[in-house]
Each structure stands twice: as C-alpha cells, then as structure tokens.
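> Predicted model, plus sequence, below.
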Amino acid sequence: MPVIYMDRASAESLTEKDIREIIDENLMDLKYGMLTDYYVGQHRILSETKKDSTAPNNRLVNNMAKYITDTATSYFDGQPVVYNSQDDAYLQTVQDIFDYNDEQDHNMELAKQCSICGSCFEMLYLDEDAQIRLAKVAPSDLIMIYESDSGHAQPMAAIRSVRSVDKDKNVILKVEFWNAYQVLRFRSFNNGYLNLEAIEEHYWQDVPFVEYINNEERRGDFEGVITEIDAYNTANYFQYNDDAILKILKLGDVSSDDVRDMKEKGAIILDDGGDVQWLLKQVDDTAMENFKNRLREDIHTMSHVPHLCDESFGGNLSGVAIAYKLWGLEQLCAMKERKFKKGLQRRIELITNILNIKGGHYDYKDITPKFRRNKPENNLELTQIATQLSGLLSTESRLQMLPWVENVH
C-alpha cells in the first residue's frame, strides 16, 4: 500500500532504519506493476507454456483492461474541470498557474493512473524561476504517512524513493523524507544503510504532495475483473486443440523424442499399412461463443463500463435511453469525482499557501472545482435551456451549463 497510518509522535521519531524498512516493505507490493502490465497488454496468457512445445503457439490478448480504463477516464475527465470563485483576481492567479502546468492534460494523466492502479500522487515544487510546478508521481515511488488518530486523512510526511544503476552497476537508492517544514535527503549504495546527505527547509507549510484515489479501497477500474479478462483471453485461445492426441499406427520402434522430431519437421515415415490421425475433442462452437459472450458481458457489468460498440447503442436512441445504458458508468464516475475533488482542493490549498507567503490574502475554500462528463449532448437543447433561465440565473451560472465553455471568466 502507498499509505501508512501512525500517530504523530511515531512519525516525528522515525529513524533512517525505520524509513528504510518502510521502503523495503512497500517494494514487496507487486500490485502496481501487474496492473500496469495489464493496461499495456502484457497479460498472463503471454507467459503461459504449452503442453506440447511443437504445437502452434498463437496467443490472443483482448486488452479489455485498456478499454475499461480509457473509456472510464475519458468519460470522467474528457471535459476539463472548470473552477469558480467570487474572487476573480484570485481565480485568475490560480488559473495562470494551472495553464503554466498544462493542468488539463495533467489531470487526465492523474485520472488514468488512478483508473489503472487505484491511486497516484502529485508533487508540488518550485522551479528555478520560483514558479509553482505540478508533477505526477507513481504510487510505487511514494509512501504517504497519515495521522491515524485524525478525524480526516491528514498527511504528516511522505517518503519518495528512486532507484538507479550507475555505470559500475551499483544500485543507488535516493530517498526524500518530506514533512510540513523540511525535506531530508538520503542515499544508499547496493542496498546498504541510508546516509543523510542534506536537510533543506521548504515553504509549503504542509507536506507538498497530494494523493488522488479512485475509491476508498484504492482499487483500479479493471482490478476486480482480471480473472474474467484472463478467462476471455483463454477462450479465444482454443485451448481444446492443445489437448488433442496424435494416434500413429505402424510407426515402428520409436521413442517420444522421435515423435517430437517428426512433428517439428512435418514429416513421418510409416511402415506399410501405417496411418496417422488426431484424436480431437468434439467442441460445440455455439457453446464456446455463448461462453465468451457471457464473459464479456460480465466484464462490462462488473467494471460498470459498457460496451459502446454494442448494437444496443443504436444511433436512434433517445437521450433517456442512452442515460440508462450509461447509468453504471455514471455511478462509477460519481464516486471518482468525490475522491478526485478532495485532491484538487488540497492542491489549491498548497498553491494558496505559497501565494499568501508572496503577499496574498486568499482562502483556498473560495475556489470550487466543477466536473463535467464527456458524453453526447444536445447542444441546441442546452443552449435553449440556458437562454430560458436568463431571468433566474446569472450569466456565469448559465455559461457553466454549456459543456463547450471551458472558462466562464
């Protein structure tokens, strides 16, 4: 897990040995590597060995994991988050920082990482020009320490580690231990002790990291259907052909190695009256297709991501009908939104700390993020509704109803 809970006294008394043990325990978690492999198409079927080394070795990967993540992420964050505030000057200052960091693309990558691994982190830092920068940190590279007796998830420290190998093949581990006021920098060689190299003050007045989580359990969107994805890949494998038995009559005095050699060369010499046949299973192709269709349906149902290329998504469906078909995905994204919003608010709080040090007098709670779903819309109907509300809502509120308006200011 990328998070640890402990009381404040224990967090403040951590030694180099304690930090090293925490890092080593976290490295034993292979979950993030496995989930990333599935997203990029490195599925279990590719590492399976066949019983017969001479048989065809065609493996088919249907990358349902990538489909689930890409669809859910695009639906959730395909339309950029917009921000609202009564303080126009404050909002414009924060928006300039976001634009400087290409925040829209940055948010999309954070959301995608959450969909794959269930969580990810963001680091805030000041560049050489003292400009606030945002950087994505993979969950495998950072451990957040939260206060266990706090009523909410209050970060007390963060441990960031980076491994590398130098030209002499020495394993170098660089570790940063961040708290609310300073960062301690360590280094070790070849898995040795951590050596303290520097202690630096920082000005964030808090731990300058933000955790974004997909859900309370920190589970990825396809993590719960990996076994079904494996079964679907195997169903396309036509594994029943691997279990066929070769029947040879009147071959003579030969060994199993001779048979294997004949299969590899594609030629067999038989005695007079000899014959070669395959004993195959009688498989019902219709039953196999029904099995695959059921698996695919279960994958979409349990992941809450529909099969958008299905015939049921016809071009003549009403908006209400489409809304019902997207109901599961909408509920999934509603949960994502609540968790992601907490991360955005913490990001704004950290940025505001720096702005106030520079002379500002801002309250981070004055800025509120607004999420919009990336789904088909009737633009004419939305425009008409916004126009009809002109006497009831402000121009700003009505513009926020239009999904193609990114910044109402």
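Alright, I've got the coordinates. Numbers count the residues shown, from 1 in each chain.
> And the longest helix along the chain, what does it pack against?
Ranked by residue count, the top helix of the chain under DSSP state H comes out as helix 327-357. Using 3 or more Cβ pairs under 8 Å, 6 or more residues apart in numbering; DSSP states H and E as the contact test, the elements touching helix 327-357 are helix 64-77, helix 88-100, helix 103-117, strand 119-126, strand 132-137, strand 209-213, strand 368-372. Backbone N, C-alpha and C define where each C-beta goes, glycine included.
> buried stuff in the longest one?
Burial within helix 103-117, assessed by neighbour count using 16 or more other Cβ atoms under 10 Å, is assigned to 103, 107-108, 110-117.
> can you tell me how far Ala153 sits from Ile145?
11 Å (Cβ to Cβ, to the nearest Å).
> returning to that earlier point: with distance to Asn62 and pLDDT added, can I get the buried residues of helix 103-117 in a markdown table?
Output for the buried residues of helix 103-117, formatted as a markdown table (distance: Cβ to Cβ, whole Å; pLDDT from 0 to 100):
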| residue | distance to Asn62 | pLDDT |
| --- | --- | --- |
| Glu103 | 34 | 96 |
| Asn107 | 29 | 97 |
| Met108 | 24 | 97 |
| Leu110 | 27 | 97 |
| Ala111 | 24 | 97 |
| Lys112 | 20 | 97 |
| Gln113 | 23 | 96 |
| Cys114 | 23 | 96 |
| Ser115 | 18 | 97 |
| Ile116 | 17 | 96 |
| Cys117 | 21 | 94 |
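> circling back to that earlier point, who has more neighbours, Ala153 and Ile145?
Ile145 (23 against 14; other Cβ atoms under 10 Å).
> Can you verify that one is assigned to a strand?
Yes - counting by DSSP: H, G, I helix; E, B strand; the rest coil, Ile145 falls inside a strand.
> which phi and psi does the spatially closest residue to it that is not a sequence neighbour have?
Take Ile145 and drop its neighbours on the chain: the residue closest to it by Cβ to Cβ, 6 or more residues apart in numbering is Ala157, 4.3 Å away. Taking degrees, to the nearest 10, you get phi -160, psi 170 for the backbone angles of Ala157.
> Any idea how many residues pack against Ala157?
As a burial measure, Ala157 scores 23 neighbours (other Cβ under 10 Å).
> likewise Asp18?
13.
> Please give the element, helix or strand, for it.
Using DSSP states H and E, Asp18 sits in helix 16-27.
> just checking, what packs against that helix?
strand 142-147, strand 155-165, strand 171-178, strand 182-189.
> And the contacts of it?
Applying Cβ atoms under 8 Å, 6 or more residues apart in numbering, the contact partners of helix 16-27 are 1-2, 4, 14, 140, 143, 159, 161, 173, 175, 177, 186, 188, 193-196.
> give me that answer again for 7 Å
4, 143, 159, 161, 175, 177, 186, 193-194, 196 (Cβ atoms under 7 Å, 6 or more residues apart in numbering).
> tell me the average confidence for it?
When pLDDT is averaged over helix 16-27, the result is 86.
> Then stretch 294-306?
92.
> Can you point out the buried residues in it?
295-296, 299-300, 303-306.
> Stretch 65-78 now?
65-73, 75-77.
> and if you look at stretch 386-399?
Buried residues in stretch 386-399 (16+ other Cβ under 10 Å): 386, 398.
> that older thread, could you dump the helices and strands packed on helix 327-357 into JSON lines and include distance to Glu349?
As requested, the helices and strands packed on helix 327-357 are arranged in JSON lines below (distance: least, Cβ to Cβ, whole Å):
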{"stretch": "helix 64-77", "distance to Glu349": "21"}
{"stretch": "helix 88-100", "distance to Glu349": "11"}
{"stretch": "helix 103-117", "distance to Glu349": "16"}
{"stretch": "strand 119-126", "distance to Glu349": "10"}
{"stretch": "strand 132-137", "distance to Glu349": "13"}
{"stretch": "strand 209-213", "distance to Glu349": "9"}
{"stretch": "strand 368-372", "distance to Glu349": "12"}
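> quick one: the very next helix or strand once past the helix holding Asp18 to helix 103-117, angle?
Following helix 16-27 in sequence order, the next helix or strand is helix 31-40 (DSSP H and E). Between helix 31-40 and helix 103-117, the angle comes out at 110 degrees (axes from the mean of the first three to the mean of the last three Cα atoms, to 10 degrees).
> Now helix 31-40 - C-alpha only, CSV.
Extracted C-alpha coordinates of helix 31-40, given in CSV (Å, rounded to 0.1, in the frame of the first residue of the first chain):
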residue,chain,number,x,y,z
LYS,A,31,0.3,-4.9,-7.5
TYR,A,32,1.1,-1.8,-9.4
GLY,A,33,3.5,-3.5,-11.8
MET,A,34,0.9,-6.2,-12.5
LEU,A,35,-1.9,-3.7,-13.2
THR,A,36,0.3,-1.5,-15.4
ASP,A,37,1.3,-4.6,-17.4
TYR,A,38,-2.4,-5.5,-18.0
TYR,A,39,-3.1,-2.0,-19.2
VAL,A,40,-0.2,-2.1,-21.8
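> Quick one: distance of that helix to the chain centre.
Per Cα atoms, centre = their mean, to the nearest Å, the displacement of helix 31-40 from the mean C-alpha position of its chain is 9 Å.
> And for stretch 76-90?
24 Å.
> what pLDDT, on average, does it get?
Here the average pLDDT along stretch 76-90 is 93.
> Quick one: end-to-end length of it, please.
Stretch 76-90 has an end-to-end distance of 27 Å (Cα to Cα, to the nearest Å).
> how about the longest helix of the chain: buried residues?
So for helix 327-357, counting by 16+ other Cβ under 10 Å, buried means 328-330, 332-333, 336-337, 339-355.
> measure the residue lying closest to Glu337 once chain neighbours are set aside to Val61 for me?
Excluding the flanking residues, the one nearest Glu337 by Cβ to Cβ, 6+ apart is Phe371, at 4.9 Å. Plainly put, Phe371 is 33 Å away from Val61 if you go by Cβ to Cβ.
> ditto for Leu295
14 Å.
> looking at the helices and strands packed on helix 327-357, which is closest to Met34?
Of all those, it is helix 103-117 that lies closest to Met34, at 9.7 Å by Cβ to Cβ.
> Please tell me how far the closest one is from the chain's geometric centre.
Distance, centroid of helix 103-117 to centroid of chain: 7 Å (Cα atoms, centre = their mean).
> residue closest to the middle of this protein?
The residue lying closest to the centre of the chain (Cα atoms, centre = their mean) is Ile116, at 2.2 Å.
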